[in-house]
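Q: below: sequence and its predicted model.
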Amino acid sequence: MDLFGDLPEPTGEILKHSNTNGSSVDGLFGDLPSPSSTKKMTENLPAKRKIQDEEKQETKKPALGLYQLHGYYYARKGEREMMQDAHVINDAFHKTVANLHPSIHRLAYYAVFDGHGGVRASQFSAAQLHQYLTAKLPKGDLAQVEKEIKRCLIETFKKTDEEFLKEASKHKPSWKDGTTAITVLAINNTLYIANLGDSKAILCRYSEQNMRYIAVPLSKDHSPTDYEERMRIQKAGGYVKDGRVLGVLEVSRSIGDGQFKTTGVISLPDVRRCQLTDNDRFLLLACDGLWKVFTSDEVVQKIQANIHNDGAAPKEKQVVPNYEGICGKLVNEALRKLSGDNVTVVIVDIQKGEPNQ
């Protein structure tokens, strides 16, 4: 069942992002049945059909052939007074979650937070968001988790924002820190991407049609200049000047930024889904310090050039490249190109085979 429908399935090519207003939670769940409608559908099924469906669900065998995921990173302060980025790499997130259903063989979690106005919002999010996610993760089998994971991620971001703002308000003067967020949760072989602001995630996928690796965008920027974002800000009593909220804040969604919450800046993430395939080589998350000077395709081609395997089909990959060194080269080149910002890059290698338990 396709819960999101906005990213290519295993045999598909890149699709355009769907336009999501994000002004209400209900709007994000137009593609999911409500609990009441699901119950009615079940009640209307013949008894024999219900029994068959239940038996199928109970006897469903777990998926085999998990891809190995292993994360690497590099980060530098750049020209800013302090390093305000934070990141998380957890290849074995499932080990921290109790009572997982046997149908869930692997959880992995990756995140990059690009702070502004201070380091506290990004550091708080890096330390706490996945903890809140653990507490809110749906119970039950894989089908139940897939059904509820979108709402879970939205509630997790909301909880992180609320808890940080509570902490910020305890101090005099109140903390003004804020942060963007790009997170990827891997459940078995499916990626769930949630983001706020202008940090991005891309997937490097081999295109049979183009006979080369291409960049699949996994996130959508939240800029005050976007029509829907600007309309929400204006309806809340704010305004956009010089591409910024109130002429100050460069993003229209974030964690923290308490002083802007009454002017339309929200913590509601876009949530997207993508199924991993044999054509996928790596996942990349980075703050806007990288994207200010490189396009997604440029990043993919630069990494491929460093791997010395440009254009090769996925079946030919054998040795894991030095991704940590490649991350460093990307960050350093971005700074040499006068990015003028902190730069953090996380690369997640994708390989066939069972992960280490």
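A: On my side now, so go ahead.
Q: use CA for all of it now, contacts and neighbours both
A: OK.
Q: which strand or helix spans residue 284?
A: Following DSSP states H and E, one finds residue 284 within strand 280-286.
Q: packing partners for that strand?
A: strand 107-116, strand 200-207, strand 343-351 (3 or more Cα pairs under 8 Å, 6 or more residues apart in numbering; DSSP states H and E).
Q: pLDDT score assigned to residue 65?
A: Per-residue pLDDT puts residue 65 at 85.
Q: next, the buried residues of the longest helix anywhere in the chain.
A: In the chain, with assignment by DSSP state H, the single longest helix is helix 142-169. For helix 142-169, the neighbour count (16 or more other Cα atoms under 10 Å) marks 142, 145-147, 149-165, 168 as buried.
Q: what's the answer for stretch 298-311, then?
A: Buried residues in stretch 298-311 (16+ other Cα under 10 Å): 299-301, 303-304, 306-307, 311.
Q: likewise stretch 189-200?
A: 189-200.
Q: equivalent analysis for stretch 253-270, please.
A: 253-258, 260-261, 263-270.
Q: out of these, which are inside helices?
A: Using DSSP H, none of these sit in helices.
Q: for these, which one is nearest residue 241?
A: Nearest to residue 241 among those is residue 263, at 13.0 Å by Cα to Cα.
Q: so what's that closest one scoring on pLDDT?
A: 96.
Q: touching, it and residue 230? I think so.
A: No - applying Cα atoms under 8 Å as the test, residue 263 and residue 230 come out as separate, 10.4 Å apart.
Q: from residue 241, how far out is residue 249?
A: 10 Å (Cα to Cα, to the nearest Å).
Q: CSV for the helices and strands packed on strand 280-286, including mean pLDDT and distance to residue 183?
A: Below are the helices and strands packed on strand 280-286 laid out as CSV (pLDDT from 0 to 100; distance: least, Cα to Cα, whole Å):
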stretch, mean pLDDT, distance to residue 183
strand 107-116, 97, 4
strand 200-207, 97, 8
strand 343-351, 96, 11
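Q: nearest to residue 336, of those strands?
A: strand 343-351 (11.5 Å).
Q: so which elements touch the closest one?
A: strand 68-76, strand 85-90, strand 280-286, helix 288-291, helix 323-336.
Q: what angle do the last one and strand 343-351 make?
A: What that stands for is helix 323-336. Computed by axes from the mean of the first three to the mean of the last three Cα atoms, to 10 degrees, the angle separating helix 323-336 from strand 343-351 equals 150 degrees.
Q: with the third one instead?
A: Computed with the same axes, to 10 degrees, the direction of strand 280-286 lies at 160 degrees from that of strand 343-351.
Q: just the first one next, same as before
A: Using the same axes, to 10 degrees, the inter-axis angle of strand 68-76 relative to strand 343-351 is 160 degrees.
Q: quick one: contacts of strand 68-76?
A: 83, 89-91, 108, 110, 323-324, 327-328, 331-332, 342-355 (Cα atoms under 8 Å, 6 or more residues apart in numbering).
Q: from the chain's centroid, how far away is that strand?
A: Centre-to-centre, strand 68-76 and its host chain are 15 Å apart (Cα atoms, centre = their mean, to the nearest Å).
Q: repeat that for the last one.
A: Averaging C-alpha positions (Cα atoms, centre = their mean) puts helix 323-336 21 Å from its chain's average.
Q: now the longest helix of the chain: mean pLDDT?
A: According to the model, helix 142-169 has a mean pLDDT of 97.
Q: report all helices and strands that it contacts.
A: By 3+ Cα pairs under 8 Å, 6+ apart, helix 142-169 packs against helix 120-136, strand 255-256, strand 270-275.
Q: quick one on the thing from earlier: could you dump the buried residues of stretch 189-200 to CSV with secondary structure and distance to residue 173?
A: Formatted as CSV, these follow (DSSP: H, G, I helix; E, B strand; the rest coil; distance: Cα to Cα, whole Å):
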residue, secondary structure, distance to residue 173
189, coil, 45
190, strand, 43
191, strand, 40
192, strand, 37
193, strand, 34
194, strand, 31
195, strand, 29
196, strand, 26
197, coil, 25
198, coil, 27
199, coil, 28
200, strand, 32
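Q: fine by me, thanks again.
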